[in-house]
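Enquirer: Got a predicted structure here, sequence first:
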Amino acid sequence: MINRLTGLAISGFDPVAYFTETKAMPGDGRYEAVQDGAIWRFRNEGNRAAFVSHPQVYGPQFGGYDPVDVARGKIVEGLPQIWMIHAQRLFLFSSDISRTAFAADPSGFLKAAQRQWPSLRESLSR
C-alpha cells in the first residue's frame, strides 16, 4: 500500500520494527529507502539495511492488504497498527476481527489469498 499523496509505504511505519521491536513503530524521515516505487521509512540505519537486503522478508505480504479480504477476492488496506507475524512474515489487517479470523486458520486463508492475489495485484496496476 502506497499513499498516493506522500509515496509512503504502510503510512511511514518501519516494517523491520515489527520483527525487532515486536510492535508497530513509525519510521524516521532520516532513514528511508525506495523499493518498488514506494518510500519506506525506518527507525534507524540498521533496520533500513536489513530491509534493503531482504525486502521480501520484511515487507508486508499481499502488498499490505488484508489477507482475509484478499482470500475473499477483495482489496482492503491493512492498517499498520493491526498486524501479525506468521511464519516469519508480516501481515497487516483492516480490523481486529479480520486478524482474529486469520489467527484461527492461517493456512486456509493463505491458500485462498495466494490463489486470488495474482489477479487482484494485476487489477491494482491498471
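Expert: Now that the structure is in, tell me what you want to look at.
Enquirer: now the strands: where do they sit in the protein?
Expert: Along the chain, counting by DSSP state E, strands occupy 28-35, 38-42, 79-86, 89-93.
Enquirer: Against R30, how distant is the residue nearest the centre of the chain?
Expert: The residue lying closest to the centre of the chain (C-alpha atoms, centre = their mean) is P60, at 2.3 Å. Relative to R30, P60 is positioned 22 Å away (C-beta to C-beta, to the nearest Å). In short, each C-beta sits where N, CA and C put it, glycine included.
Enquirer: same thing with F42?
Expert: 9 Å.
Enquirer: Compare those two (neighbour count), which wins?
Expert: F42 (28 against 11; other C-beta atoms under 10 Å).
Enquirer: the longest helix in the chain is where?
Expert: What stands out as the longest helix in the chain, according to DSSP state H, is helix 106-124.
Enquirer: buried set for it?
Expert: With burial defined by 16 or more other C-beta atoms under 10 Å, the residues of helix 106-124 counted as buried are 109-110, 112-113, 116-117, 120.
Enquirer: surely P60 meets F93?
Expert: No - using C-beta atoms under 8 Å, P60 makes no contact with F93, being 10.1 Å away.
Enquirer: what residues do those two have in common as contacts?
Expert: Common contact partners of P60 and F93 (C-beta atoms under 8 Å, 6 or more residues apart in numbering): 78, 83.
Enquirer: Name all residues that make contact with E32.
Expert: By C-beta under 8 Å, 6+ apart, the contact list for E32 reads 39-42, 48.
Enquirer: Reformat those as TSV; add distance to D69 and pLDDT.
Expert: As requested, the contacts of E32 are arranged in TSV below (distance: C-beta to C-beta, whole Å; pLDDT from 0 to 100):
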residue	distance to D69	pLDDT
I39	25	96
W40	23	97
R41	25	98
F42	27	98
R48	30	98
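Enquirer: got CSV for these, with distance to L79 too?
Expert: Shown next, in CSV, are the contacts of E32 (distance: C-beta to C-beta, whole Å):
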residue, distance to L79
I39, 19
W40, 17
R41, 16
F42, 19
R48, 23
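Enquirer: I appreciate the help and will end here.
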